[in-house]
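>>> give me a 3D structure for the following:
(4 chains)
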2 protein chains.
Amino acid sequence: MNVGEAAKRAQLPVKTLHYYEEIGLIRPERRANGYRDYDDTALSKLQFVQRARSLGFSVAEVRTLLSLYEDRHRASADVKALAEGHLDEIDRKIEELRGLRATLSHLVDACHGDDRPDCPILDDLAGQG
Amino acid sequence: MNVGEAAKRAQLPVKTLHYYEEIGLIRPERRANGYRDYDDTALSKLQFVQRARSLGFSVAEVRTLLSLYEDRHRASADVKALAEGHLDEIDRKIEELRGLRATLSHLVDACHGDDRPDCPILDDLAGQG
DNA sequence: CCTTGACCCTCCCGTAACCGGAGGGTCCAT
DNA sequence: ATGGACCCTCCGGTTACGGGAGGGTCAAGG
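The predicted model follows:
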């Protein structure tokens, strides 16, 4: 199938399929006219990649996941380790955001937010706090 | 003071000060020998920027915050609105990460993680789930 | 006076994961 | 034959810098 159809079925932009081909992640066949031709295998991989990306795995991680997927003899422990690493990363990010949120939320609450000029948010940023 | 000293006091890499100058965020004076020269005002701004960035404001947002900071007549409501917008953004990201975390955590728990090859994580990514 | 090391300078390329657009070819239906 | 919907490649831009080359400057020590 053409790139447009493959993109639709994988729920990805055409540009993204171009990109995945360029970086050697998923290389479709080519027709005589130069058009990309995605077969069922390629489409499955695209969907695999789309799902992994939507779970927040980086393209580099997805590349590893794909190769693990295609290796019938890998241990599930390898996959689990990668997923756990990603989980830790997510936890780290959540914690960081929560910290930011707490600080910022304090400042926002302290700011009366009317037409007067004094503002604890700016005061804090300026180093008063 | 020289860029190295300013960087140290603002807890920012020298490269970052170069960058901030390049994008017109904070422009230091220049000495006769071409060296950047940060005065107290410039240093204060750097520290302001560093704090705002560490709270997760984008450079574009920081630019606005700086101009609000330097405008003695702005309403605190303007600042509060920007900060609240950022807070919403943070909440959105936290929610998204929590969703990812939940899904991924399920998958990781379901994967026995030994040397056998069957793996619910890959099965799910492949569309079995 | 000279050297040495720690600074400083200006380019310029690379990062992640694409998006947008220009300029031009292809295919299918009317 | 023509129009519109596809498709192609190439190039530049995005965020917020980091790394490094190639080369000037400055202050201290010999």
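
>>> the closest residue to residue A:9 other than its chain neighbours: neighbour count?
Residue nearest to residue A:9 in three dimensions, not counting chain neighbours: residue A:43, with 6.0 Å by Cβ to Cβ, 6 or more residues apart in numbering or on different chains. Where C-beta positions appear, they are placed from N, C-alpha and C, glycine not excepted. For residue A:43, the count of nearby residues is 17 (other Cβ atoms under 10 Å in any protein chain shown).

>>> and the one 5 residues further on, by the same measure?
Applying other Cβ under 10 Å, we find 22 residues neighbouring residue A:48.

>>> give me phi/psi at it?
With angles defined as degrees, to the nearest 10, residue A:48 sits at phi -60, psi -50.

>>> check the spacing between it and residue A:117 real quick.
Using Cβ to Cβ, to the nearest Å, one gets 55 Å for the distance from residue A:48 to residue A:117.

>>> ok, back up a step: the residue nearest to residue A:9 contacts residue A:1, doesn't it?
Yes - with contact defined as Cβ atoms under 8 Å, residue A:43 and residue A:1 form a contacting pair (7.3 Å).

>>> got any residues that touch both of those two?
Shared contacts of residue A:43 and residue A:1 (Cβ atoms under 8 Å, 6 or more residues apart in numbering or on different chains): residue A:9.

>>> ok, back up a step: what secondary structure does the residue nearest to residue A:9 sit in?
Put simply, residue A:43 is helix when judged by DSSP: H, G, I helix; E, B strand; the rest coil.

>>> contacts only, for it.
A:1, A:6, A:9, A:10.

>>> can you pull out the strands in chain A?
A:29-30, A:36-37 (DSSP state E).

>>> so what strands line up beside the last one?
Strand A:36-37 has these partner strands in its sheet, going by DSSP bridges: strand A:29-30 (antiparallel).

>>> what about the partner strand, distance to the chain center?
27 Å (Cα atoms, centre = their mean, to the nearest Å).

>>> with stretch A:52-71 instead?
With Cα atoms, centre = their mean, you get 11 Å for stretch A:52-71.

>>> list the contacts of that stretch.
In contact with stretch A:52-71 (Cβ under 8 Å, 6+ apart) are residues A:23, A:25, A:45, A:48-49, A:74, A:78-79, A:82, A:86, A:90, B:97, B:100, B:103-104, B:122, B:125-126.

>>> neighbours of the residue in chain A positioned nearest to DNA strand D, how many?
Nearest to DNA strand D, among the residues of chain A, is residue A:4, at 2.6 Å (Cβ to the nearest atom of the strand). If you count neighbours by other Cβ under 10 Å, residue A:4 ends up with 12.

>>> ok, it to residue A:18 distance?
12 Å.

>>> one more: residue A:25?
11 Å.

>>> of the two, which one has the most company?
Shown here are residue A:25 and residue A:18; by other Cβ under 10 Å, residue A:25 has more neighbours (17 against 13).

>>> what about the closest residue to the more buried one other than its chain neighbours, how many residues nearby?
The shortest distance from residue A:25 to any non-neighbouring residue, by Cβ to Cβ, 6+ apart, is to residue A:63 (6.1 Å). For residue A:63, the neighbour count with other Cβ under 10 Å is 17.
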